[in-house]
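**Student:** Provided below for reference: sequence and predicted model.
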Number of protein chains: 2
Amino acid sequence: MFEQLKLNKLSEQHLYIQLYQKIKEMIDQGFLEEYQKLPPIRQMANLLDVNNVTVVNAYKLLEEEGLVLKKVGSGTYVAPLIQKIDREEVFIDDEIQLMNQGQLSLKQNVISFATATPDPDLFPIQDVKTAINHVLDRDGGEVFGYQDSLGYQPLREAFRNYLATKNIDSSVKSIQVVSGAQQGIDILSKAMLNPGDVVFTEEPTYTGAISAFKSRGARIISIPIREDGIDLKILEAKVEEYQPRFLYLMTNFQNPTGYSYSSMKKERLLDLSQNYGLTIVEDDSLSELYFTQESFTPLRAVADTENVIYIKSFSKIFLPGFRIAFMVLPDSIIGQVMAAKHTSDISSSGLIQRTFDLLLRQGLWEKHIEGMRQIYLGKYQLFVKLLTEVLPREVKYTLPKGGLNYWITLPDGYSANQLYKKCLAEGVIIIPGSVFYPDGRPNNMFRLSIAAVEEAEMTKGVKILAQVINDFLDGENVEDTVAFTPLM
Amino acid sequence: MFEQLKLNKLSEQHLYIQLYQKIKEMIDQGFLEEYQKLPPIRQMANLLDVNNVTVVNAYKLLEEEGLVLKKVGSGTYVAPLIQKIDREEVFIDDEIQLMNQGQLSLKQNVISFATATPDPDLFPIQDVKTAINHVLDRDGGEVFGYQDSLGYQPLREAFRNYLATKNIDSSVKSIQVVSGAQQGIDILSKAMLNPGDVVFTEEPTYTGAISAFKSRGARIISIPIREDGIDLKILEAKVEEYQPRFLYLMTNFQNPTGYSYSSMKKERLLDLSQNYGLTIVEDDSLSELYFTQESFTPLRAVADTENVIYIKSFSKIFLPGFRIAFMVLPDSIIGQVMAAKHTSDISSSGLIQRTFDLLLRQGLWEKHIEGMRQIYLGKYQLFVKLLTEVLPREVKYTLPKGGLNYWITLPDGYSANQLYKKCLAEGVIIIPGSVFYPDGRPNNMFRLSIAAVEEAEMTKGVKILAQVINDFLDGENVEDTVAFTPLM
């Protein structure tokens, strides 16, 4: 396939940049496999009739971007997918960081439907400041000593009481404090997964979970999610075939789809879990951000079972940079999980845990989530209106009833990776669906998040998006077989 | 071997407690191997001529303590060593937590030479409080947003500047902020180790590192450390044999021995590293806590080489519960390490990072370490005097020139695990050497740490310790072959 590569020697673009871009495209579009070897420098230079240096520079650039790996004495290889996924996450991180640093030029020029966390101005800064000072005055130096690996005991009690208000029965001894849901997933992986173990996920699913499972050498089998939850028929067949270590899922306002499980599906899933001894890891970060009269109960509230491990994160909509979440664990794994937490970072910060404890006891979380529901209800209503009225009819979606994410499907044959690039050129950021699939293959879906978009920007952003999609669908994109890979 | 188990039916002690204690002893003393299967309930009950329920209850107690694992439908197995090591760490944690909760009854009755972190009262609470409020007023909500996975940029600059004062050349892009040195070790393991990879450590070494390497399925080969550093002859032979992924070490005031590398050994180690392409992970948490005129330079300051990964922690003597450390990385692994940090917990807390940045820029670290040197110099001098004058002549040790740890060797044939229990009964806590060996086998060494002991307690504690050792050596302990395992 490299035989067909052609560089334009008359272009003003440096030859090594051209080569870099061509190879990057081949990787992005799935023409090159993970770990596939690139031709050696000299051979590639001969093929293209260029200097060795051109190829060296192009490979170097690819390496810096994490797209290829160089092995000394052995050659250059396409990097595994996990690194590509992380590149996307890192890209989102970069963007957040630029914003945090107040580089408004970027903020002014770019409308991001990628960022899944709210504008920092929405955080209750003054309340947090008061709480921190209270904790420092109350506890003194103890705040800065090592803390219990399980978590600060009063905070664990506060979490138990919080759960009781959500009709979730738990005991303090089953609660493990973690530094954010991502650490919860990572620690569970450490405690429960060995190389070659099979993990089930929804398809699509949260990229950070994919990374954590892959990092343990687990094999990920993904089961399609429908509008009312995971496909139970496929799940049942695959459970029998693979006997997975656990199934990782989000029952309400799933990331990235925004879908929620129906009551019936939750019941049937619990039955299935009981029948097959299937452990379920339920990740709940958004179930309290609902915009309708319906209630969105976690699976763990439906049944108090040893089979459900519950991860509750507050950070998506409260204080992301605080890094606090907790897990409710079955008795059988408490010891291993605590050991894994200890190995990971000994304990979470004492100051942060004690402050969070006070905020929770003062009812600040309830007050904050109430306020967030008000703010995001307005955004939700506007966004739904915009999607319905402005987006071309050819795209399909199911409106969520809460949360921050919207999952949009292009007509068959169009790649959202391509659309992503075209949007970026027009100053709008979306996240292409490939990022949320364990195998990372391009597809025709993408995620929009309204977390960090002001209402005025939202209108402008959706209009630009609609225009880009229209041009994209009108263009010859679907006929251009070189530019596309077979879709899933 | 279970055939020889005998329970005393006339004792007031419940039979299941007796059985639990016997099996626990067999595990502690290494008579039972990791993953060795215990006899099935019925078989064990027959052997001992007791009810099935007795065995069930004993196994249950062992399981609760993490000493055995139950596999459904398969039986009961001795838990792997990693869990036993963690039990020891957890024990220390528990003790710290009880103290933190102000349960003074414990603090009054127990003298702990186990805790390796200072009394919380020594932390500069007021300065930290001022800095936190300054950061909150300055940065507002940004403090609580997601942060860059690499770390807060100004903090990374502050670390670069700090390193320059220690004659360590680095660049901001090579600095990765982590939530404590333990997370640094864990993240490096995630980025660099696959199951079956070989890692070298000093012998003995830090338990948290052992846990992190084992958690990645690495094979640990430990190389004896001498008073002037690792044994280079053995190291060289083993490097050729195993080609390890890296060597993990502490060059100054090593944990647990307190030993420091001589200048010559550092030079020769760097030569060896160069010759064999051996990567070294240098963990430095104490090199600034010296008590003599000698300077204690990290390896990374001796040579600016791609072969040394440097982990610098402030938490041992500054603010342990803050959870802040950083790593200086070779270019070749920056990308993988950042991805591993992202998978682990996305980023460290923004509030903590920004506060630490301010403290460092205000020179508070320098001021604090100066004060700690004064305080610990007094403790150091007293402790050296006590060891020399009070401990029985039969025990051997090398006095460290800084740090917090002292490594004591009993005469051949005596188990420090046994001594640990006898000390505990007298209200003095030591850590037996077995904890610091990757294979966890009992031996005749133990660690004393003076981090958390007041001077008055210190005198009392060493006197009790001396008395217990005298009784221990006078007793018939070394003849009692049942109570001992072959020593390393």
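**Tutor:** Alright, I've got the coordinates.
**Student:** so which bits of stretch A:151-168 are buried?
**Tutor:** Neighbour counts using 16 or more other Cβ atoms under 10 Å in any protein chain shown place A:151-156, A:158-160, A:162-163, A:168 of stretch A:151-168 among the buried residues. Glycine gets a C-beta too; all of them are placed from N, C-alpha and C.
**Student:** do the same with stretch A:7-17
**Tutor:** Using 16+ other Cβ under 10 Å as the test for burial, stretch A:7-17 gives A:7, A:15-16.
**Student:** include pLDDT and distance to A:L387 when you put those into CSV, please.
**Tutor:** As requested, the buried residues of stretch A:7-17 are arranged in CSV below (pLDDT from 0 to 100; distance: Cβ to Cβ, whole Å):
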residue, pLDDT, distance to A:L387
A:L7, 89, 42
A:L15, 89, 44
A:Y16, 88, 42
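**Student:** distance to chain B for the residues you listed - can I get that in TSV?
**Tutor:** Putting those into TSV (distance: Cβ to the nearest Cβ, whole Å) gives the following:
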residue	distance to chain B
A:L7	27
A:L15	25
A:Y16	20
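**Student:** go through the residues you listed and flag which are in helices.
**Tutor:** For the buried residues of stretch A:7-17, membership in helices holds for A:15-16, with DSSP state H as the criterion.
**Student:** B:M192: which of the buried residues of stretch A:7-17 is nearest?
**Tutor:** Minimum distance to B:M192 across the buried residues of stretch A:7-17 is 30.0 Å, recorded for A:Y16 (Cβ to Cβ).
**Student:** name the residues of the stretch 351-488 of chain A found near chain B, please.
**Tutor:** Taking Cβ under 8 Å from any Cβ of the partner chain, the part of the stretch 351-488 of chain A that reaches chain B is made up of A:351-352.
**Student:** residues in contact with whichever residue of the stretch 351-488 of chain A sits closest to chain B?
**Tutor:** Taking Cβ to the nearest Cβ as the measure, the stretch 351-488 of chain A has A:I352 as its residue closest to chain B, at 5.7 Å. With contact set as Cβ atoms under 8 Å, 6 or more residues apart in numbering or on different chains, A:I352 has these partners: A:322-324, B:349, B:351-352.
**Student:** tell me which helix or strand it sits in.
**Tutor:** When secondary structure is defined by DSSP states H and E, A:I352 falls within helix A:350-361.
**Student:** can you give the distance from that helix to the centre of its chain?
**Tutor:** On the basis of Cα atoms, centre = their mean, to the nearest Å, helix A:350-361 sits 26 Å off its chain's mean C-alpha point.
**Student:** how about stretch A:300-313?
**Tutor:** Relative to the chain's own centre, stretch A:300-313 is displaced by 21 Å; criterion: Cα atoms, centre = their mean.
**Student:** equivalent analysis for stretch A:218-231, please.
**Tutor:** When distances are taken as Cα atoms, centre = their mean, stretch A:218-231 is centred 15 Å away from the chain's centroid.
**Student:** got it, and stretch A:112-121?
**Tutor:** Relative to the chain's own centre, stretch A:112-121 is displaced by 13 Å; criterion: Cα atoms, centre = their mean.
**Student:** do stretch A:174-187 and chain B meet?
**Tutor:** Yes - with Cβ under 8 Å from any Cβ as the measure, stretch A:174-187 is seen reaching chain B through A:179-180, A:182-183, A:186.
**Student:** so what's A:I429 up against?
**Tutor:** When contacts are counted by Cβ under 8 Å, 6+ apart, A:I429 touches A:95, A:110-114, A:423.
**Student:** pairing partners for it in the sheet, please.
**Tutor:** Note on A:I429: beta-bridge partners A:S112, judged by DSSP bridges.
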